[in-house]
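In: how would this look folded up:
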Amino acid sequence: AGHNRWSKVRNVKGPRDAERSRLFQRLAQMLRAAAREGGPEPSLNPSLAAVVEQCRARNMPKASIEAAIKGAQGHPAGGSRLLLAARGPGGSALLLELLTDDPRRSQRQIGELLARNGSGTPENGAGTPKFG
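Out: Here you go, the predicted model:
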């Protein structure tokens with residue numbers, strides 16, 4: 001009677017683990033950015049302390065949190081902030097601030113999302129992208 005147990009586990013656990021992995025990747029990126037901007041010590045860096053608290057609330061392993069913070073020290077230029085302005089649905093104005101490792105790819109993906117939903121294409125806000 002246990003012949004298809006794995007297929008049931010796989011169909012439930014697989015998507016749940018994939019979603020958790022994407023969440024942890026986003027949190028790790030936020031940790032690296034906060035550590036780069038204000039230093040690796042959460043007691044001296046309020047933005048890093050807030051992200052660490054978010055990680056703990058979502059049950060991210062302590063080893064992963066520490067590895068992400070250490071990763072920011074090793075690669076100081078590993079990400080950038082991008083500010084985009086776009087037209088939203090109904091002609092509304094959108095100002096998007098993104099944290100990305102590849103500004104061109106992110107701008108293209110945001111443009112595709114906006115076009116799919118009947119909105120305008122993004123343009124760099126304030127003339128040029130902000131790098132951090």
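In: Was I right to think residue 45 contacts residue 31?
Out: No - contact criterion C-beta atoms under 8 Å: residue 45 and residue 31 do not qualify, at 10.6 Å. (Glycine included, C-beta is placed from N, CA and C.)
In: So the two - more neighbours on which side?
Out: With neighbours defined as other C-beta atoms under 10 Å, residue 45 and residue 31 compare such that residue 31 has more, 27 against 18.
In: Now that one: which helix or strand?
Out: helix 5-38 (DSSP states H and E).
In: which outside residues touch the helix or strand just after that helix?
Out: Per DSSP H and E, the first helix or strand lying C-terminal to helix 5-38 is helix 46-57. In this structure, residues lying in contact with helix 46-57 by C-beta atoms under 8 Å, 6 or more residues apart in numbering are 27, 30-31, 34-35, 37-43, 64-65, 69.
In: so where's this structure uncertain?
Out: 1-2, 74-79, 120-121, 123-132 (pLDDT under 70).
In: How is it partitioned into domains?
Out: 5-72, 80-124 (the TED database).
In: which residue is nearest the middle of the chain?
Out: Nearest to the geometric centre of the chain sits residue 26, at 3.6 Å (C-alpha atoms, centre = their mean).
In: and the gap between that residue and residue 100?
Out: 11 Å (C-beta to C-beta, to the nearest Å).
In: circling back to that earlier point, in the helix holding residue 31, what counts as buried?
Out: 24, 27, 28, 29, 30, 31, 32, 33, 34, 35, 36 (16 or more other C-beta atoms under 10 Å).
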